[in-house]
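Participant: Dropping a prediction and its sequence here:
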Amino acid sequence: MFNVKIWSLVATLALLSACGGGDVAINPAIDPADVASLEVTGLNGIWEGDYTDAVGKVCNDARGLIYNGQVRVISTECDVILSGTLSTKGTTASINFELFDAAATRTGQADFSGSYTQQSQINGNLDNGGRLNLSYNIVYENDSSLKFIAGNWYYTDATVSSVDFLSIDVNGNATEVSESGAPSCSYTASFSIINSDFNLYAVSVGVSNCPDDQVSRNGNYTGVASLSGDNGIITVFVGNDQNVFIADFNLISLYEVTK
């Protein structure tokens, strides 16, 4: 049985530069092969809540993903993407965040420190004056299976006003079927199971043939994806050493899979 609650990081494609200013650089990809302590892996999951920025604006649309100490949090209302690495000591969680806006501009750094309860809450302050409060979303505990995602999907790239249609086969291989609107890139992808007991898929994406104004998107990406139950949305978060993107794939129809 699927939990119906939606996890949707962003409604459209967001492209983010992974390189910061000075000597600062982050690895944008979430690597499903990374290993972490039991205290850290106990915080794996899909999270949602509120984010307060440095000037006190409170945004209640924060969405987060934690996997083996790698943390990504997004608020479209506050126009922020937080990317960092989590560590724990006793009942305290610490996260060193790099901050970006949706236009791919690095806006700064912020260190988070707060309390946590596994599969429940993460609450604390940022040293730039902000705050982050997240609650665990049980949708993470749905099973994963390639038959759940085998079908036809589409996503809208609002940055270039295009819609891309993709087909995912029973082996998890995705190919672009067609596109409409402005010229966009060509995409292929491959989904695989990390742990069938949890709603998280490993993903690799190939991007090619991008128009001149999008040529920086060309490349190979790796990361993870999650399915939002009966609502038919796959949220994909992938990156490489240069870029990271997040996309919501919306369901058109599923294939009938008997195996």
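Facilitator: Nice, thanks for sending it over.

Participant: Going by C-alpha atoms from here, please, whenever you check contacts or count neighbours.
Facilitator: Fine.

Participant: And stretch 42-57, what's buried?
Facilitator: For stretch 42-57, burial by neighbour count (16 or more other CA atoms under 10 Å) applies to Gly42, Leu43, Asn44, Gly45, Ile46, Trp47, Glu48, Gly49, Asp50, Tyr51, Thr52, Asp53.

Participant: Let me fix that, I meant to ask about stretch 117-130.
Facilitator: Buried, per 16+ other CA under 10 Å, within stretch 117-130: Gln118, Gln119, Gln121, Ile122, Asn123, Gly124, Asn125, Leu126, Gly130.

Participant: out of those, who's nearest Val170?
Facilitator: Comparing those against Val170 with CA to CA picks out Gln119 as the nearest, at 31.2 Å.

Participant: Let me see the contact set for the closest one.
Facilitator: Gly42, Leu43, Gly45, Ser135, Tyr136, Asn137 (CA atoms under 8 Å, 6 or more residues apart in numbering).

Participant: Please name the residues that touch Phe249.
Facilitator: Residues near Phe249 by CA under 8 Å, 6+ apart: Trp153, Tyr154, Tyr155, Ile233, Ile234, Thr235, Val236.

Participant: Which of those fall in strands?
Facilitator: Using DSSP state E, the members of the contacts of Phe249 that fall in strands are Trp153, Tyr154, Tyr155, Ile233, Ile234, Thr235, Val236.

Participant: With respect to pLDDT, which of those ranks lowest?
Facilitator: Of all those, Tyr155 has the smallest pLDDT value, namely 80.

Participant: The closest residue to that residue other than its chain neighbours and Thr105: what is the separation?
Facilitator: Leaving aside its chain neighbours, Tyr155 sits nearest to Phe249 (4.8 Å; criterion: CA to CA, 6 or more residues apart in numbering). Separation of Phe249 from Thr105 (CA to CA, to the nearest Å): 25 Å.
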